[in-house]
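> Sharing a model prediction with you, sequence too.
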There are 2 protein chains.
Amino acid sequence: MACSIARTWDVIGEPWSPLILRNVYVGIRRFDQLQASLGISRKVLAERLRWLVEAEVLQRREYASRPARYEYTLTQKGMELCDLLLVMVRWGDRWTAGEAGPPVLYRHHACGEISHVEPHCSACGGPMSATDIDVLPGPGAAPGPGSDAGGQIAVVGDGPTSATAAS
Amino acid sequence: MACSIARTWDVIGEPWSPLILRNVYVGIRRFDQLQASLGISRKVLAERLRWLVEAEVLQRREYASRPARYEYTLTQKGMELCDLLLVMVRWGDRWTAGEAGPPVLYRHHACGEISHVEPHCSACGGPMSATDIDVLPGPGAAPGPGSDAGGQIAVVGDGPTSATAAS
DNA sequence: GAGGTAGGTTCCCTGAAGGAACTCGATGCG
DNA sequence: CGCATCGAGTTCCTTCAGGGAACCTACCTC
């Protein structure tokens, strides 16, 4: 499907993938550690890890030979997926954390402050949210009309702008 | 689980949810339109919509009575989930779009430029990525030790900083 | 040489997804 | 008046992916 959401979903859409990534990110990198910390079945964990390695999100590294022992680390591609996780965390903190407050906090190295991520525009640097944009067909859009209505984005005028203005 | 990723995943982790949200976002708001555009089974679509409404991500609005006809629109909570979708799109464009280029483009209202989202720090406004932060336990962290290793984030020193520095 | 540890496989079984057909109320059409 | 149609779902059946638990294979330690 010519849709970057669906393609991203192909990589991390399976139930456990984001939690596996999070745990690798925070330093839980070995099979048994991951299995124990997540409570995931060993079978499914093995499948997911194989898949994430194949997708080049994780890499499998031998950290001890004889006996061969492996650990999983993030690639660049995987590290950028963690940015996505940070945005998920932000949404979860805002809408589902409840009165207890967020379970974890993030300190930004550059400024030393406890903060969170905010989407900004790569062009002007200002805040950028789904209500602030027009959606236009791009070069990689679905080829013929009618072949894949789901991959094709609706007309610009019928897009989010008028939609949200109306609601 | 005291983890905002898992909690966010509870809401949109099911296979079709992000694509449903995207379609509602771009203006496909009715049951049959959604079903046709996604190729999803009617049963699953009905379940997902019910769930998303219950989670207050979508709202079911009667746009015609006699016969009663309904459409689904985004709530504020749902609109902010679309920000998450934009980040997913960005990752998909960067890593999976291939030579055809991105299927859709986004124009930022504020500046009029074709651009994409970048995570920035809410405190200092500078770029903020998963490699730039320390992870600290927050007020809503899992209560007792040992009760939920998965919800508890590892020690700070064992976190992403040293991890990525080592790789 | 008994037991432990890391990193998986194999087998079975259940629950969720898909497909197609059916329902229900209203409304247009001849 | 009677029939078809449309939007918005339900219902039933079947198949496939996820979970659990046990097993396997090197190697290392006591």
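Arrived safely, thanks for sending.

> what about the nearest residue to A:Asp93 once chain neighbours are set aside, how many residues close to it?
Nearest residue to A:Asp93, sequence neighbours excluded (CB to CB, 6 or more residues apart in numbering or on different chains): A:Pro102, at 4.1 Å. Glycine gets a C-beta too; all of them are placed from N, C-alpha and C. A:Pro102 sits with 23 neighbouring residues when counted by other CB atoms under 10 Å in any protein chain shown.

> and A:Pro102, which of the three is it?
Three-state call for A:Pro102 (DSSP: H, G, I helix; E, B strand; the rest coil): coil.

> how about the strands in chain A?
A:58-64, A:69-74, A:104-108, A:114-115, A:117-121, A:133-137 (DSSP state E).

> Can you pull the phi/psi pair for the residue sitting furthest away from the middle of chain A?
Among residues of chain A, the one most distant from the C-alpha centroid is A:Arg66; the distance is 35.4 Å, by CA atoms, centre = their mean. The phi and psi values for A:Arg66, taken as degrees, to the nearest 10, are phi 50, psi 80.

> Quick check: it vs B:Asp32, distance?
62 Å (CB to CB, to the nearest Å).

> coming back round to it: roughly how far does the residue nearest to A:Asp93 sit from B:Leu136?
For A:Pro102, the distance to B:Leu136 (CB to CB) stands at 10 Å.

> cool, A:Gly138 as well?
39 Å.

> More neighbours: which of the two?
Higher neighbour count among A:Gly138 and B:Leu136: A:Gly138, with 19 against 14, using other CB under 10 Å.

> Report the contact partners of that one.
Listed by CB atoms under 8 Å, 6 or more residues apart in numbering or on different chains, the contact set of A:Gly138 reads B:Gly101, B:Pro102, B:Pro103, B:Val104, B:Leu105.

> what about the residue nearest to A:Gln33 when sequence neighbours are not counted, neighbour count?
In space, A:Gln33 comes closest to A:Asn23 once its chain neighbours are excluded; the distance is 7.9 Å by CB to CB, 6+ apart. Counted with other CB under 10 Å, residues neighbouring A:Asn23 total 21.

> Confirm for me that A:Asn23 is in contact with A:Ser37.
Yes. In this structure, A:Asn23 is within contact of A:Ser37 by CB atoms under 8 Å, at 5.8 Å.

> hang on, the earlier thing: now which of the contacts of A:Gly138 would you call buried?
The neighbour-count test (16 or more other CB atoms under 10 Å in any protein chain shown) applied to the contacts of A:Gly138 identifies B:Pro102, B:Pro103, B:Val104, B:Leu105 as buried.

> Isn't the second one up against A:Ser4?
Yes. Here B:Pro103 reaches A:Ser4: they are 6.4 Å apart, a contact under CB under 8 Å.

> Are there residues contacting both of these two? Which ones?
B:Ala97.

> Could you measure from the residue nearest to A:Gln33 over to A:Leu85?
Computed as CB to CB, the A:Asn23 to A:Leu85 distance reads 11 Å.
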